[in-house]
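J.: here are the coordinates; sequence isn't available:
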């Protein structure tokens, strides 16, 4: 490199009104526009005369787009106001202080309005082509701890993980990683607290959104209860739920005949077998594992993992599917990794309750860009979409009375970006 091109000789000037930070936000903006999110939010989320209560749609979309662009606090909304970024959003980017006032004005009733908004948006996205239709759909129920620092956060407490934080309840679509429903809870909440009502709401939400096929709910032992199972039966949802190793369960496992165990694949150095028995009228499928060879001295006994289910299929196949419940952790990672759930930005519990619903909307917007723009129907890693399609530098110009967005020449994922933009623009506009 010649001395005249040395980076240390550059003259840096912050004077370009046409530069666009994260030009790929145009993709999520197109999705938001085609789904009519701003107008729907203005209609459903009505804070009345509370501070920051007007034009809810702009504030919700400003927060969601900031999270899409890797923001994890309210202050990151300011990136949307840089250069010409606001133009690609299709709406006015609200100031961080305005968005903070808006979140702090939420009451419990307004959180329910936000829940209704997220359900309606889910239905519109599925109707546009992102939904399961009449195909089977698996829902993973789980909870996570959103860590906070300091004791000034309302509702923050130490739970079973001994981490100070809040403890939201969530359900994701296993096939895509979409968040189907979310509910904020205080940090000390038991894992299964509110699970029955949550399942009732989840069932109604996905059915109204257009999921007409077989539904299956998978969950870990924190959600094993007669009430959750009854809710599944009531809504005709097949279930696969891990059980706690109570004395009754241990006795049922001990009564399984040795000839009933079927060997399944397991990493070298170990052995795994599957069998089944009955438990309270349902199938109890048990997987037992242990080490073999020299390593067996470390853990010579069988370790058992059992779950109840009413599903049809072989014990081996159902066990393999139940273990896939772990994909919910990938969605949780995407929600937390540099995104909205990594941080609880307010001292007010209800503001943080609104924040996680908006974070889930941002999470889903990325997946709808992939599903509707790239025809990618399986799980994906959010940071991959961000790096390839969202965090693209751009510049806005205007010619023949049309705005033109320029992205760098030789961008490695140029064709994907242009294809996604074209497909998303062709989606029917919902007004």
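T.: Structure received. Note that the coordinates shown come from a computational prediction; the quantities given were computed from them, not determined experimentally.
J.: Report the separation between residue 348 and residue 228.
T.: 30 Å (C-beta to C-beta, to the nearest Å). (C-beta placed from N, C-alpha, C; glycine too.)
J.: how about the helices in the stretch 101-250 of the chain?
T.: Ranges of helices in the stretch 101-250 of the chain, per DSSP state H, counting those that start in this stretch, are 108-125, 195-209, 226-234, 247-254.
J.: could you dump these to JSON lines with mean neighbour count and distance to residue 178?
T.: Formatted as JSON lines, the helices of the stretch 101-250 of the chain follow (neighbours: other C-beta atoms under 10 Å; distance: least, C-beta to C-beta, whole Å):
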{"stretch": "helix 108-125", "mean neighbour count": "19", "distance to residue 178": "8"}
{"stretch": "helix 195-209", "mean neighbour count": "19", "distance to residue 178": "10"}
{"stretch": "helix 226-234", "mean neighbour count": "16", "distance to residue 178": "20"}
{"stretch": "helix 247-254", "mean neighbour count": "13", "distance to residue 178": "33"}
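J.: so which of the ones you listed gets nearest residue 357?
T.: helix 108-125 (4.9 Å; C-beta to C-beta).
J.: Can you name every helix or strand that that closest one contacts?
T.: Helices and strands touching helix 108-125, by 3 or more C-beta pairs under 8 Å, 6 or more residues apart in numbering; DSSP states H and E, are helix 37-44, strand 179-183, helix 195-209, helix 349-368.
J.: Turn the ones you listed into a markdown table, including distance to residue 88 and mean pLDDT.
T.: Below are the helices and strands packed on helix 108-125 laid out as a markdown table (distance: least, C-beta to C-beta, whole Å; pLDDT from 0 to 100):
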| stretch | distance to residue 88 | mean pLDDT |
| --- | --- | --- |
| helix 37-44 | 15 | 96 |
| strand 179-183 | 25 | 97 |
| helix 195-209 | 28 | 97 |
| helix 349-368 | 14 | 96 |
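J.: any chance of those in a markdown table, with distance to residue 395 too?
T.: Output for the helices and strands packed on helix 108-125, formatted as a markdown table (distance: least, C-beta to C-beta, whole Å):
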| stretch | distance to residue 395 |
| --- | --- |
| helix 37-44 | 25 |
| strand 179-183 | 34 |
| helix 195-209 | 38 |
| helix 349-368 | 23 |
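J.: which one of those lies closest to residue 338?
T.: Relative to residue 338, the nearest member of the helices and strands packed on helix 108-125 by C-beta to C-beta is helix 349-368, separated by 11.6 Å.
J.: What helices and strands are in contact with that closest one?
T.: Counting by 3+ C-beta pairs under 8 Å, 6+ apart, helix 349-368 packs on helix 25-34, helix 56-68, helix 96-104, helix 108-125, strand 179-183, helix 328-336, helix 382-385.
J.: Now the weakest link among those, please, by mean pLDDT.
T.: With a mean of 88, helix 382-385 has the lowest mean pLDDT of those.
J.: In the sheet, which strands lie alongside the helix or strand following that helix, parallel or antiparallel?
T.: Using DSSP states H and E, the helix or strand that directly follows helix 382-385 along the chain is strand 394-399. Using DSSP bridges, the strands paired with strand 394-399 are strand 19-20 (antiparallel), strand 402-406 (antiparallel).
J.: Tell me which of these approaches residue 130 most closely.
T.: Going by C-beta to C-beta, the one of those nearest residue 130 is strand 402-406, 24.1 Å.
J.: about what we covered before: among the strands paired with strand 394-399, which is nearest residue 135?
T.: Between the strands paired with strand 394-399, strand 402-406 lies closest to residue 135; by C-beta to C-beta that is 35.6 Å.
J.: quick revisit: of the strands paired with strand 394-399, which stretch is the most buried?
T.: The highest mean neighbour count among the strands paired with strand 394-399, using mean count of other C-beta atoms under 10 Å, belongs to strand 19-20: a mean of 20.
J.: avg pLDDT for that strand?
T.: On average, strand 19-20 scores 90.
J.: which residues sit against stretch 335-352?
T.: 67, 70-74, 100, 103-104, 106-108, 110-111, 144, 146, 148, 152-156, 165-166, 168, 179, 184, 186, 332, 355-356, 358-360, 362-363, 382-383 (C-beta atoms under 8 Å, 6 or more residues apart in numbering).
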